[in-house]
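1. Give me a 3D structure for the following:
(2 chains)
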Amino acid sequence: AQSVTQPDIHITVSEGASLELRCNYSYGATPYLFWYVQSPGQGLQLLLKYFSGDTLVQGIKGFEAEFKRSQSSFNLRKPSVHWSDAAEYFCAVGGYILTGGGNKLTFGTGTQLKVEL
Amino acid sequence: DGGITQSPKYLFRKEGQNVTLSCEQNLNHDAMYWYRQDPGQGLRLIYYSQIVNDFQKGDIAEGYSVSREKKESFPLTVTSAQKNPTAFYLCASMPRRGSSYNEQFFGPGTRLTVL
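-> I've put the predicted structure just below:
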């Protein structure tokens, strides 16, 4: 079964500082990996995705993530955080549903980012 | 503009009542999904549908029902059998079904509160 672990429930960084959010996944085959961001009371917006190819993926809003197969990780990074980045971030792994068919996303429990001015 | 709409944004229900949450998409996507979000638990899959007139149970389908009579619509009914329905509900869609993988697009969500 596929699973995702986000070990940090809350992270606080100062504006302008660098950021790294951790994500570890478990999946038996080549994973499809995603990072989504959610502002309070809103839906999820895709930041970036990894399907194959270059293991360093660039996304929107200056975010990037690196896929490391040996560590089963897909950590999200940003060199300089802005106050508007305060939100909840979800890592997800995509896979196929064996019974019933179709595709399924399994989400981590999220990391709440607070930005200090 | 293409997108996913969910209504209402806020919904209040008395215990013992059934309520229906609306999800509509004009992206021409085949697959649609319903998730439940609780604080500290991430998103959990309730039901999904790959094509019209077909849907499958997700991880937490008990107490919920769905229909898929039109490609663009995937309403979710929260029945009185759902023991703890207060949560944030998110609808999503995906461009293709089958072997080709794609990202899911999410609606803005409906917050359901049981009084």
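2. can we go C-alpha only for contacts and neighbour counts from here?
-> OK.
3. Pull up the residues of chain B that are close to chain A.
-> B:40-44, B:50, B:56, B:90, B:97-98, B:101, B:103, B:105-109 (Cα under 8 Å from any Cα of the partner chain).
4. Which among those count as buried?
-> Buried residues within these, counting neighbours by 16 or more other Cα atoms under 10 Å in any protein chain shown: B:42-44, B:50, B:56, B:90, B:97, B:101, B:103, B:105-109.
5. Go through those residues and flag which are in strands.
-> B:Leu43, B:Arg44, B:Gln56, B:Leu90, B:Phe105, B:Phe106 (DSSP state E).
6. In a markdown table: the residues you listed, plus pLDDT and distance to A:Leu76.
-> Below are these laid out as a markdown table (pLDDT from 0 to 100; distance: Cα to Cα, whole Å):
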| residue | pLDDT | distance to A:Leu76 |
| --- | --- | --- |
| B:Leu43 | 94 | 19 |
| B:Arg44 | 94 | 22 |
| B:Gln56 | 93 | 32 |
| B:Leu90 | 97 | 23 |
| B:Phe105 | 93 | 20 |
| B:Phe106 | 95 | 20 |
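7. Compute the number of surrounding residues for A:Gly108.
-> 25 (other Cα atoms under 10 Å in any protein chain shown).
8. That one reaches A:Glu88, doesn't it?
-> No: using Cα atoms under 8 Å, A:Gly108 makes no contact with A:Glu88, being 11.2 Å away.
9. Quick check: what element follows the longest strand along chain A along the chain?
-> In chain A, taking DSSP E as the definition, the longest strand is strand A:87-96. Next along the chain after strand A:87-96, taking DSSP states H and E as the criterion, comes strand A:103-107.
10. What helices and strands are in contact with that following strand?
-> The contact analysis (3 or more Cα pairs under 8 Å, 6 or more residues apart in numbering or on different chains; DSSP states H and E) places strand A:103-107 against strand A:3-5, strand A:87-96, strand B:43-49.
11. So which bits of that strand are buried?
-> In strand A:103-107, counting by 16+ other Cα under 10 Å, buried: A:Asn103, A:Lys104, A:Leu105, A:Thr106, A:Phe107.
12. Many thanks, have a good one.
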